[in-house]
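In: what's the 3D shape of this:
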Amino acid sequence: MIQRKIYEIRGQRVMLDFDLAELYGTETKHLKRAVRRNIERFDGEDFMFELTKDELSRCQIGTLNTGRGSNIKYMPFAFTELGVAMLSSVLNSKTAIEINRGIMRAFVAVRQLVAVSPVSGNIQLRQEMKELKEYMEEVFADQNDINEDTRLQIELINQTLAELQVRSKEREKAPRPRIGFVRYDE
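Out: Numbering: from 1, shown residues only. I've put the predicted structure just below:
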């Protein structure tokens, strides 16, 4: 459940303030207030940054709802892995500490998934490509053998046709016996 709330924004994996507030069992405004009171702990984009409207709409996180007060009035904070770890020092409750452990494990799991999976997938893909290349080389070698056999057969057919033409011309030169009735009065 936590891994689905980790987004990639500005090339970093982040969690948004309203998701964190939900996990911690508090309201978003209380979480933001605690962060603003301790803003020096979150200095720099490697801890936390505020989303722009463009980023929010691109990520399809913020959707317009009907009803008064249900749309996002202030842009959400995006907390990186370091920022989430720093939240545990700002929010000082047992629930916050337990949830923070789960979040940190989720970040580690996502990192391992991204780091390990493509490498093993790459190795498997390379192996499959190598096998495919070897198979194609065998097919082409077989085709060349067939082509060589076919070429030899065509040469034999041409040679036989040439011999038949020579025999046919020799028969045309020889006198032919006359066909028809024989006259005895001659």
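
In: next, residue 75: secondary structure please.
Out: Secondary structure assignment for residue 75 (DSSP: H, G, I helix; E, B strand; the rest coil): coil.

In: got phi/psi on it?
Out: The phi/psi pair for residue 75 (degrees, to the nearest 10) reads phi -70, psi 140.

In: and it, what does it touch?
Out: Taking C-beta atoms under 8 Å, 6 or more residues apart in numbering, we find residue 75 in contact with 50, 51, 52, 53, 56. No exception for glycine: its C-beta is placed from N, CA and C like everyone else's.

In: ok, how many other residues are close to the fourth one?
Out: It refers to residue 53. Neighbour count of residue 53, defined by other C-beta atoms under 10 Å: 10.

In: got it, and the first one?
Out: A count of nearby residues for residue 50, using other C-beta under 10 Å, gives 13.

In: ranges for the strands of this protein?
Out: With DSSP state E as the criterion, the chain has strands at 7-9, 12-16, 48-50, 77-79.

In: adjacent strands (with direction) for the last one?
Out: When pairs are called by DSSP bridges, strand 77-79 turns out to pair with strand 12-16 (antiparallel), strand 48-50 (antiparallel).

In: so which of the ones you listed is nearest residue 143?
Out: Ranking the strands paired with strand 77-79 by proximity to residue 143 (C-beta to C-beta) places strand 12-16 first, at 50.1 Å.

In: got a markdown table for the strands paired with strand 77-79, with mean pLDDT and distance to residue 84 too?
Out: Putting the strands paired with strand 77-79 into a markdown table (pLDDT from 0 to 100; distance: least, C-beta to C-beta, whole Å) gives the following:
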| stretch | mean pLDDT | distance to residue 84 |
| --- | --- | --- |
| strand 12-16 | 87 | 6 |
| strand 48-50 | 90 | 9 |
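
In: all good on my end, thank you.
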